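> Would you be able to build a 3D model of this:
(chains A, B and C)
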Amino acid sequence: MILLYTDFGTTGPYVGQMKAVLRRMAPDVPVVDVMHDAPVWNPRAAAYYLAALAQQSEAGDVWLCVVDPGVGGTRLPIILDCGGVSFVGPDNGLFEIINRRVPGARRKTIEWRPDSLSATFHGRDLFAPVAAWLACGEDVPGNGLDPSAERPGMDWPDDLAEIIYIDAYGNLITGIGGAALANGRSIRVGNNELQHAGTFSDVPEGALFWHRNSSGLIEIAANKARADEYLAVLPGDFVEIV
Amino acid sequence: MILLYTDFGTTGPYVGQMKAVLRRMAPDVPVVDVMHDAPVWNPRAAAYYLAALAQQSEAGDVWLCVVDPGVGGTRLPIILDCGGVSFVGPDNGLFEIINRRVPGARRKTIEWRPDSLSATFHGRDLFAPVAAWLACGEDVPGNGLDPSAERPGMDWPDDLAEIIYIDAYGNLITGIGGAALANGRSIRVGNNELQHAGTFSDVPEGALFWHRNSSGLIEIAANKARADEYLAVLPGDFVEIV
Amino acid sequence: MILLYTDFGTTGPYVGQMKAVLRRMAPDVPVVDVMHDAPVWNPRAAAYYLAALAQQSEAGDVWLCVVDPGVGGTRLPIILDCGGVSFVGPDNGLFEIINRRVPGARRKTIEWRPDSLSATFHGRDLFAPVAAWLACGEDVPGNGLDPSAERPGMDWPDDLAEIIYIDAYGNLITGIGGAALANGRSIRVGNNELQHAGTFSDVPEGALFWHRNSSGLIEIAANKARADEYLAVLPGDFVEIV
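Numbering: from 1, shown residues only, chains lettered A, B, ... in the order given. From the prediction side, this is the model:
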């Protein structure tokens, strides 16, 4: 299965053009759009969400991931090989959180280049063909990178105490893993201090709480109400564990 | 074919995570996203639109439907069996309009539970596997519910004189079936009284009218203009047949 | 492969209903959503973007295209046959730019009608079945149209000096082909005169420039910033080559 994770948005032709390449080159491999509104131009926030979502991978999966504000610049195209599960995309930190969590994960460069490579759309021209080959079990030429060498994002924390995404219901997803926080702890957002609850229906309608969401991240939510509007927060805002 | 009808929105990872389950468990069954912006947290409005859309089902179809503000609470997970066409989702009235319209439709509970059931995402963890099994022709253990017993939504009207959805063009879709209204009747929205027309090009540009839309529901529209902006209405607003 | 290009938007049931028809009638043919937010009700702007996107077609491709404000009126349903690549949709100019650029392209009418044709949704009821047949290699009855006869949009320019689309990043896509403009030329938008750059990272952060985008069109963009907000422009605004 090829799983897509990009910041292309759900409008415009970019996702479709990339998928046309995948369907032509790997017609028998299912393609699933996991998310196309990953944090825009923000590989750091996107890295934490991707690491959470990718926990549900299975052997043979190829993740095609593009959050790539530096496209056309000097950043390398890479494959992160996690032993059965591969990640294809830019070497800008997007795979850093997975890299440090998965024992034996290895980065390698992609040395292949298409005959015609647009300056701005490596997702379609470079990453998609590579993902298609990997998903079909073919090898892609590249050079292994030294695991002890400098990596973009090496200085990022293991848990990111920040709102990395606001979903369609107004729930606030943080970059903090569910295991990082005991139920007795609170999270402060602005002047509000929120307690833990198991799920939405455990609190009164409109009440705010935090919980471990279905992807394993700490999430701030309200029962049948929009937490984002009540708290007036935006992606990138900090939260504080207290 | 598995047909998806949810209020997950077109952004975020929820649809993709659910589809990844379907593609893993039922790789040969086509999956079609019918709609992911069904009326949010509103099983009542969503029930009328679903009943209209589901009229184009064929034998073997499985509808995976999630408009489920009570997820994690006490509402049952059910299958509505309509003799060849199945509906999988929460027992909160979402299938009530179909249930009362299809002779011989039968509700049964879903007794299967996954090893790991998240509190907030039964669409992925519970309903998707069940839909995949049904689409593959497998049986899912459950208990038939007495058709004469109380059902959520039993008190809802057969036609809902309300705007249940506003589409991307600004057309206002009501919960009133096309057969409920003769062409000579008018619909009042606020201070406006609208007459019937066969289709858009039958009225002058900008003019408002009502018609039977392509899903069989009464719809209020304007020729090459946005009816929602002109009438300043929102989903949930009432309309009146006069 | 069937490629979809519509102005249905990414919400609502219309895309899904059309795809359900395609998957039922041509289950073995991949379907790719290229774009569902083509310029709304604007076959002219949509024609230039389609002509650019369709350059990446391969033999056997069928484009199912619906930007059709005149649905239900007198415009003909047609197939544009480009020798191996077909375009199915309304004869309102949507295929005009392709027609004049592809040698030997031929328009023919679609004479088939379904038993039940809704007044407002020919995409689902008429164009989708025709596209499915063509993609399966079947013939669809119709009458060839005289290439020298009057065509909707015949008076449109070969390059459209207008913003035809604004993408999710705020980039402004024009209807001007990349070959129409030498690198030394400037583009004026309002009071701003923009110079050429090869790609985003060639200019400072926030700086505006024009480039040839990945679909071959002239695009106005800013490095890690939204050109649309800085320039305060909308689709349909003119640009000037200076």
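
> For stretch A:184-202, measure first residue to last.
16 Å (C-alpha to C-alpha, to the nearest Å).

> now stretch A:33-47
17 Å.

> For that stretch, buried residues please.
Going by neighbour count (16 or more other C-beta atoms under 10 Å in any protein chain shown), the buried part of stretch A:33-47 is A:33-40, A:42-47. Every residue, glycine included, has its C-beta placed from N, CA and C.

> I'd assumed residue A:47 was in a helix, is it?
Yes - per DSSP: H, G, I helix; E, B strand; the rest coil, residue A:47 lies within a helix segment.

> what residues does chain A put near chain C?
Contact residues, chain A versus chain C (C-beta under 8 Å from any C-beta of the partner chain): A:8-17, A:19-20, A:23-24, A:27, A:40-41, A:69-73, A:118-121, A:124-125.

> Angles on the backbone of the residue positioned nearest the centre of chain A, please.
For chain A, the residue sitting closest to the mean C-alpha position, by C-alpha atoms, centre = their mean, is residue A:50 at 2.3 Å. Per-residue torsions, residue A:50: phi -60, psi -40 (degrees, to the nearest 10).

> Narrow the residues of chain A next to chain C to those in helices?
A:14-17, A:19-20, A:23-24 (DSSP state H).

> Of the residues you listed, just say which sits nearest to residue A:216.
residue A:15 (25.7 Å; C-beta to C-beta).

> ok, which stretches of chain A are helices?
Using DSSP H, helices in chain A cover A:14-25, A:43-53, A:96-101, A:122, A:128-135, A:227-231.

> Let's have these in a markdown table, adding mean pLDDT.
Output for those, formatted as a markdown table (pLDDT from 0 to 100):
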| stretch | mean pLDDT |
| --- | --- |
| helix A:14-25 | 98 |
| helix A:43-53 | 98 |
| helix A:96-101 | 97 |
| helix A:122 | 96 |
| helix A:128-135 | 98 |
| helix A:227-231 | 96 |
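
> Make a markdown table out of those and add distance to chain B.
Formatted as a markdown table, the helices of chain A follow (distance: least, C-beta to the nearest C-beta, whole Å):
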| stretch | distance to chain B |
| --- | --- |
| helix A:14-25 | 12 |
| helix A:43-53 | 6 |
| helix A:96-101 | 15 |
| helix A:122 | 22 |
| helix A:128-135 | 13 |
| helix A:227-231 | 13 |
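
> May I see those organised as a markdown table, with distance to residue C:99 added?
Shown next, in a markdown table, are these (distance: least, C-beta to C-beta, whole Å):
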| stretch | distance to residue C:99 |
| --- | --- |
| helix A:14-25 | 22 |
| helix A:43-53 | 42 |
| helix A:96-101 | 48 |
| helix A:122 | 32 |
| helix A:128-135 | 30 |
| helix A:227-231 | 48 |
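
> so what's the residue of chain A most remote from its centre scoring on pLDDT?
Residue farthest from the centre of chain A, counting by C-alpha atoms, centre = their mean, is residue A:204 at 31.9 Å. What the model reports for residue A:204 is a pLDDT of 94.

> Now it. Nearest residue, chain neighbours left out?
residue A:223 (6.6 Å; C-beta to C-beta, 6 or more residues apart in numbering or on different chains).

> Need the max-distance pair from the buried residues of stretch A:33-47.
Counting by C-beta to C-beta, the most remote pair of those is A:33 and A:44, 22.4 Å apart.

> For the closest residue in space to residue A:41 that isn't next to it in sequence, grab the count of nearby residues.
Excluding the flanking residues, the one nearest residue A:41 by C-beta to C-beta, 6+ apart is residue A:69, at 4.3 Å. Residues near residue A:69, counting by other C-beta atoms under 10 Å in any protein chain shown, number 19.

> pLDDT score for residue A:69?
For residue A:69, the predicted pLDDT is 88.

> Same question for residue A:224.
At residue A:224, pLDDT is 87.

> Show the contacting residues for it.
A:200, A:205-206, B:41, B:69 (C-beta atoms under 8 Å, 6 or more residues apart in numbering or on different chains).

> Also residue A:223?
So residue A:223 contacts A:200-201, A:203-207, A:209 (C-beta under 8 Å, 6+ apart).

> Going by neighbour count, which of those comes out on top?
residue A:200 (24 neighbours).

> so that residue touches residue A:221, yeah?
Yes - under the criterion of C-beta atoms under 8 Å, residue A:200 makes contact with residue A:221 at 6.6 Å.

> Contact partners for the closest residue to residue A:123 other than its chain neighbours?
Spatial nearest neighbour of residue A:123, excluding adjacent residues (C-beta to C-beta, 6+ apart): residue A:66 at 4.2 Å. Residue A:66 sits next to A:5-8, A:89-90, A:122-123, A:127 when contact means C-beta under 8 Å, 6+ apart.

> Just flag the most distant two among those residues.
A:5 and A:122 (14.8 Å).

> unless I'm mixing things up, residue A:86 is touching residue A:63, no?
Yes - between residue A:86 and residue A:63 there is a contact at 7.0 Å, judged by C-beta under 8 Å.

> if I look at the residue in chain A positioned nearest to chain B, how far off is chain C?
Residue nearest to chain B within chain A: residue A:168 (2.9 Å; C-beta to the nearest C-beta). Counting by C-beta to the nearest C-beta, to the nearest Å, the separation of residue A:168 from chain C is 11 Å.

> Could you report the neighbour count for that residue?
18.

> next one: the one 3 residues further on
The burial metric for residue A:171, expressed as a neighbour count using other C-beta under 10 Å, is 20.

> same question, residue A:158
There are 12 residues near residue A:158, going by other C-beta under 10 Å.

> What of residue A:198?
14.

> And it, how close does it get to residue A:209?
9 Å (C-beta to C-beta, to the nearest Å).

> do residue A:159 as well
Residue A:159 is 19 Å from residue A:209, by C-beta to C-beta.

> Same check on residue A:75?
Counting by C-beta to C-beta - residue A:75 and residue A:209 are separated by 39 Å.

> picking that back up, tell me the most packed of the contacts of residue A:66, by neighbour count.
In these, the most neighbours by other C-beta under 10 Å go to residue A:89, 30 neighbours.

> Residue A:211 is in contact with residue B:118, isn't it?
No - contact criterion C-beta under 8 Å: residue A:211 and residue B:118 do not qualify, at 10.0 Å.

> Same drill for the two, tell me which one is more crowded.
residue A:211 (24 against 19).

> Now do the same contact list for that one.
So residue A:211 contacts A:196-199, A:218-219, A:221, B:119-120 (C-beta under 8 Å, 6+ apart).

> Next one, pLDDT for residue A:103 please.
pLDDT, read off for residue A:103, is 95.

> Ignore what I typed, I meant residue A:232.
95.

> okay, now it: neighbour count?
9.

> The residue nearest to it when sequence neighbours are not counted: neighbouring residues, count only.
In space, residue A:232 comes closest to residue A:190 once its chain neighbours are excluded; the distance is 7.5 Å by C-beta to C-beta, 6+ apart. Using other C-beta under 10 Å, residue A:190 has 12 neighbouring residues.

> Quick one: the strands in chain A, in order.
A:2-6, A:31-35, A:62-66, A:77-81, A:86-90, A:106-109, A:160-166, A:172-177, A:187-189, A:192-194, A:208-212, A:217-222, A:240-241 (DSSP state E).

> which residues are contacting the longest one?
By C-beta under 8 Å, 6+ apart, the residues outside strand A:160-166 that reach it are A:38-39, A:44-46, A:48-49, A:172-176, A:220, A:228, A:233-241, B:12.

> Now restrict the residues you listed to buried residues only.
A:38-39, A:44-46, A:48-49, A:172-176, A:220, A:228, A:233, A:235, A:239, B:12.
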